[in-house]
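Trainee: Sequence below, structure please.
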Amino acid sequence: MDAVDDVACLICYDSEKCRPFKLTCGHAFGRSCMQEWMESSGQKNCLLCTKQLTDDEVKRIKRIPLYDRAVNILIKAIPIFGKTALYFFSISGLGTALSVIRDGFFTPSLVVATAAAVATFFPTATIGTLGAVAGVPLRYATAAGACTVAMVDQARAAAAPYPYRAIFPPSAAAVCIWGAAVGCAATGIAYCVKK
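Mentor: Predicted structure coming up:
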């Protein structure tokens with residue numbers, strides 16, 4: 001069952017995207033097309049000559065190469081991450097606007113708080129998005145996001161300027177709480193915007 005060049009898949013007739021290969025019977029089909037056929041029909045045979053597929057052929061058809069898995073995850077993750085970022089930044093912008101309306105002026109420390117939130121958002125949102133796409137349970141993805149934020153936040157808090165220290169004290173407890181909060185929020189948003 002070797003891949004063949006310049007031969008179109010006999011199901012979709014696409015020789016590039018489908019990556020056709022020959023079965024032992026000599027007919028060429030793409031891996032993804034054969035997967036869909038096997039799942040929808042429940043049969044494990046060639047569509048043309050109806051010759052039964054060998055166990056090795058079935059295993060190789062069902063096995064998705066690492067590159068294809070990575071591409072599929074990224075294709076699904078990009079829209080989810082985009083929606084998550086849009087939702088997050090909308091909330092940040094709304095919070096800033098409400099603060100200005102309430103106080104009557106723009107608070108400089110709010111810039112530091114927003115920058116810190118944005119900086120911690122990206123790693124956790126990335127973890128949450130990939131977790132949502134890959135089917136990782138929310139609790140595990142959230143824990144990973146919280147740990148990531150806690151580690152990044154601890155390093156940043158140690159060398160942070162005064163306004164940041166005033167808003168988020170760099171104590172171990174504060175970092176853990178901040179990390180858990182942002183990790184839960186960013187990861188949760190990613191799971192919420194998933195279709």
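
Trainee: in this structure, which spans are helices?
Mentor: 31-41, 55-62, 66-103, 108-134, 138-158, 162-167, 172-193 (DSSP state H).

Trainee: Which residues belonging to the longest one are considered buried?
Mentor: This means helix 66-103. Buried positions in helix 66-103, judged by neighbour count with 16 or more other CB atoms under 10 Å: K76, A77, I80, F81, K83, T84, A85, F88, S92, T96, S99. Where you see a C-beta, it was placed from the backbone N, CA and C, and this is true even at glycine.

Trainee: And for the fifth one?
Mentor: For helix 138-158, the neighbour count (16+ other CB under 10 Å) marks 141-150, 152-154, 156-157 as buried.

Trainee: which secondary element of this structure has the worst mean pLDDT?
Mentor: Every helix and strand of the chain was ranked by mean pLDDT, DSSP states H and E. The lowest is helix 162-167, at a mean of 53.

Trainee: so who does the residue nearest in space to the middle of the chain touch?
Mentor: Geometric centre of the chain, nearest residue: L130, 2.1 Å, by CA atoms, centre = their mean. By CB atoms under 8 Å, 6 or more residues apart in numbering, L130 lies in contact with I73, A77, V136, A141.

Trainee: can you put these in a markdown table and add distance to L53 and pLDDT?
Mentor: Output for the contacts of L130, formatted as a markdown table (distance: CB to CB, whole Å; pLDDT from 0 to 100):
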| residue | distance to L53 | pLDDT |
| --- | --- | --- |
| I73 | 27 | 83 |
| A77 | 32 | 90 |
| V136 | 32 | 89 |
| A141 | 37 | 90 |
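
Trainee: between those residues, which is nearest R31?
Mentor: I73 (17.0 Å; CB to CB).

Trainee: how near is the closest one to A141?
Mentor: 13 Å (CB to CB, to the nearest Å).

Trainee: so where is this structure shaky, pLDDT-wise?
Mentor: Scanning the chain for pLDDT under 70 picks out 1-7, 14-18, 64-65, 156-172, 195.

Trainee: So which residue of this protein lies furthest out from the middle?
Mentor: Quick read of the chain (CA atoms, centre = their mean): farthest out is C49, 40.5 Å.

Trainee: Now do stretch 131-145: everything it contacts.
Mentor: Here stretch 131-145 has contacts from 73, 76-77, 80, 123-124, 127-128, 130, 182-184, 186-188, 190-191, 194, using CB under 8 Å, 6+ apart.

Trainee: switch the cut-off to 7 Å
Mentor: 73, 76-77, 80, 124, 127-128, 183-184, 186-187, 190-191, 194 (CB atoms under 7 Å, 6 or more residues apart in numbering).

Trainee: Just the buried ones out of these, please.
Mentor: 76-77, 80, 124, 127-128, 183-184, 186-187, 190-191, 194.
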